[in-house]
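**Q** predicted structure and sequence below. I'll ask about it afterward.
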Amino acid sequence: MQHYRGIKLLNSVDMSSLKHSQAVDKLCDRLEKTGYVLIGAYHSSSKKIKGKCNNGHEIMITPNNFVNKETKCKHCFYLNRHANLVREFESIVKRHKLTQQEPFNFRKGVLQGLKEKYLFTCPYGKDHWLSPYKLVTAVLFQCYCGKCKTLGGKSK
Ligand SMILES: [Zn+2]
Ligand SMILES: [Zn+2]
């Protein structure tokens, strides 16, 4: 096993070849920039290697794609997406002064949990069963209790 800039390389990787050493250098640059680390050893620029993202998720890294397409950790991507969805939903809830009557249930996973419907009430007591996912991605919320409407609920 060879070691180079903090990563392991298989002995078969010929670092005297400019092509290989450049590819490895680019990989190391990108690792340093992103904070990702390799767990497995490097075979070639197209072979997947086990690694970890900067948030500690285990992922498979394909050096070529990681360097050229700047591929990122899928887990982080989805977590981010879900966090954004929740944030957006919360801003709608706030804007319409809704009260959440039950906590989100993420036991079946975050996305599944966000697709479920939960009970909310408007300031005048009207019930609304809302799916955070749907509300953010597909539906424009409006309470029709007759009183909320006068608040001009469509402020965007
Ligand atoms: Zn991650
Ligand atoms: Zn209302």
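**A** Right, received. Where do you want to start? Ligands and ions are numbered 1, 2, ... in the order given.
**Q** residue numbers of this protein in contact with ligand 1?
**A** Where proximity means Cβ under 5 Å from the ion, the interface of the chain facing ligand 1 comprises 53, 55, 57, 73, 75-76. Where you see a C-beta, it was placed from the backbone N, CA and C, and this is true even at glycine.
**Q** this protein: strands as residue ranges?
**A** Assigned by DSSP state E, the chain shows strands spanning 2-4, 7-9, 37-38, 49-52, 58-61, 99-100, 118-121, 127-130.
**Q** which other helices and strands contact the first one?
**A** Using 3 or more Cβ pairs under 8 Å, 6 or more residues apart in numbering; DSSP states H and E, the elements in contact with strand 2-4 are strand 7-9.
**Q** quick check: Lys78 touching Leu111?
**A** Residue 78: Tyr, not Lys. Yes. Counting by Cβ atoms under 8 Å, a contact exists between Tyr78 and Leu111, whose distance comes to 7.5 Å.
**Q** how about JSON lines for the residues of the chain next to ligand 1, with pLDDT added?
**A** Compiled in JSON lines, the residues of the chain next to ligand 1 are given as follows (pLDDT from 0 to 100):
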{"residue": "Cys53", "pLDDT": "97"}
{"residue": "Asn55", "pLDDT": "94"}
{"residue": "His57", "pLDDT": "95"}
{"residue": "Cys73", "pLDDT": "96"}
{"residue": "His75", "pLDDT": "92"}
{"residue": "Cys76", "pLDDT": "94"}
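**Q** nearest residue to Lys101 other than its sequence neighbours?
**A** You called it Lys, but residue 101 is Gln. Distance criterion Cβ to Cβ, 6 or more residues apart in numbering; nearest residue to Gln101, sequence neighbours excluded, is Leu119 at 4.2 Å.
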